[in-house]
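1. build me a model:
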Amino acid sequence: QVQLVESGGGLVQHGGSLRLSCAASGFPLDTYSIGWFRQAPGKEREGVSCIMVRLGSTYYADSVKGRFTISADNAKNMVYLQMNDLQPEDTAVYYCAADRRSYYLCTPDYNYWGQGIQVTVSS
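-> Here you go, the predicted model:
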């Protein structure tokens, strides 16, 4: 079955960097779009970045453009989110999700979800 496992979260100072990893299994990665979403306390889940693996096409939320980079390694069934210049407002639980859809439909109604991982940015 489809399984997504996030790793790489943690505590970082503002201005620092983290790389989140999503290990995917149970489906052919290159036929799906993979998205990174986040949910801060008291806020709705939002799309951060999505990638259509086969095409390499990407979407970024305005709030992370120029700071975050999504990438996929089809051979390893891995998707990454490199996060640079992290700010306190980036603090949230980050989720990896998978669905058969276009990359630009980066909305939090994907079919398959990981358990999430905490990212905390100190001020």
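
2. helix/strand/coil for the residue positioned nearest the centre of the chain?
-> For the chain, the residue sitting closest to the mean C-alpha position, by Cα atoms, centre = their mean, is W36 at 2.1 Å. Using DSSP: H, G, I helix; E, B strand; the rest coil, the secondary structure recorded for W36 is strand.

3. strands along this structure, start to end?
-> 3-7, 10-13, 18-25, 33-39, 46-52, 57-60, 68-73, 78-83, 92-99, 112-113, 117-122 (DSSP state E).

4. just say which of those strands is most tucked in.
-> Greatest average neighbour count among the strands of the chain goes to strand 33-39 (a mean of 25), per mean count of other Cβ atoms under 10 Å. No exception for glycine: its C-beta is placed from N, CA and C like everyone else's.

5. any idea of the mean pLDDT in it?
-> Taken as a whole, strand 33-39 has an average pLDDT of 97.

6. only alpha carbons, please: show it as PDB.
-> Extracted as PDB, the C-alpha positions of strand 33-39 are listed here (Å, rounded to 0.1, in the frame of the first residue of the first chain):
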ATOM      1  CA  SER A  33       2.600  14.400  -7.800                       C
ATOM      2  CA  ILE A  34       4.100  14.800  -4.400                       C
ATOM      3  CA  GLY A  35       3.300  17.700  -2.200                       C
ATOM      4  CA  TRP A  36       4.700  19.200   1.000                       C
ATOM      5  CA  PHE A  37       2.100  20.800   3.200                       C
ATOM      6  CA  ARG A  38       2.200  22.400   6.600                       C
ATOM      7  CA  GLN A  39      -0.100  23.200   9.500                       C
END
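
7. for stretch 48-65, measure first residue to last.
-> 9 Å (Cα to Cα, to the nearest Å).

8. and what of stretch 61-68?
-> End-to-end for stretch 61-68, by Cα to Cα: 9 Å.

9. in it, what's buried?
-> Neighbour-count burial for stretch 61-68, with 16 or more other Cβ atoms under 10 Å as criterion, is recorded at A61, V64, F68.

10. mind listing what the last one touches?
-> This points to F68. Neighbouring residues of F68 by Cβ atoms under 8 Å, 6 or more residues apart in numbering: V48, S49, Y60, L81, Q82, M83, N84.

11. perfect, I'm done here.
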